[in-house]
Every structure is written in C-alpha cells, then in structure tokens.
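K.L.:
Coordinates for the following, if possible.
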Amino acid sequence: MSNDLDTVEGVSALLAAAFESGDAGMLRDALAAAADAPGTTHLAAAAGVPQAGLRAAFASGELSLDTTLAVMKVIDLHTPG
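P.N.:
Below is the predicted model:
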C-alpha cells in the first residue's frame, strides 16, 4: 500500500480521481484500496461517519447516499450545478 494513503489528503485524492473518471472499475479499485488505508480513519472522522461503517462500505463498494455525500464533501467533490 502506498504511503500516500496514510493521510486523509491521499485517500481524498484517490477517491476524487476515481469519482471524476466516471470509470466503475477505477472507482471499485479505489474504494477497495481505501477500505484498508490508514487515512480512512481521518476521512471517517471528517465526514462524521463511523470508521468501521465507512471501511465496510468501501470494501463492499456499496455506499449509502448519505455516506457518499458526506465523503464527497470532505474530498471537495461537488456535483455540477
């Protein structure tokens, strides 16, 4: 695992790139990498979601809308409009 994923910034950059790519495979891979990344601890805290729940959602690739929106706000990813 890359040291880049030790920080919330690193995990955020990985997820932002995956969301912005629009590629389902890339997003699936990014979520799987984030599931075990140390920086996800900080991302969960910043998003206000339980760490175990966020890791489980990343691992399964099944995020609720509330979780997705909370993560998107932290990684500074906005929907158009």
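
K.L.:
C-alpha from now on. contacts and neighbour counts both.
P.N.:
Will do.

K.L.:
Please list all residues in contact with residue 8.
P.N.:
Residue 8 sits next to 39-43 when contact means CA atoms under 8 Å, 6 or more residues apart in numbering.

K.L.:
Would you mind checking which of these is nearest to residue 57?
P.N.:
Ranking the contacts of residue 8 by separation from residue 57, with CA to CA as the measure, puts residue 40 on top at 11.6 Å.

K.L.:
What is the neighbour count of that closest one?
P.N.:
Counted with other CA atoms under 10 Å, residues neighbouring residue 40 total 26.

K.L.:
Turn the contacts of residue 8 into CSV, including distance to residue 8, pLDDT and secondary structure.
P.N.:
Listed next are the contacts of residue 8 as CSV, based on distance: CA to CA, whole Å; pLDDT from 0 to 100; DSSP: H, G, I helix; E, B strand; the rest coil:
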residue, distance to residue 8, pLDDT, secondary structure
39, 5, 95, helix
40, 6, 96, helix
41, 8, 96, helix
42, 6, 94, helix
43, 5, 95, helix
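
K.L.:
from those, which is closest to residue 54?
P.N.:
Of all these, residue 54 sits closest to residue 40, with 8.0 Å by CA to CA.

K.L.:
Contacts only, for that closest one.
P.N.:
Residue 40 neighbours (CA under 8 Å, 6+ apart): 5-8, 11, 34, 51, 55.

K.L.:
most neighbours, which of the residues you listed?
P.N.:
Counting by other CA under 10 Å, residue 34 has the largest number of neighbours within these, with 26 neighbours.

K.L.:
any idea which element it lies in?
P.N.:
Per DSSP states H and E, residue 34 falls inside helix 24-35.
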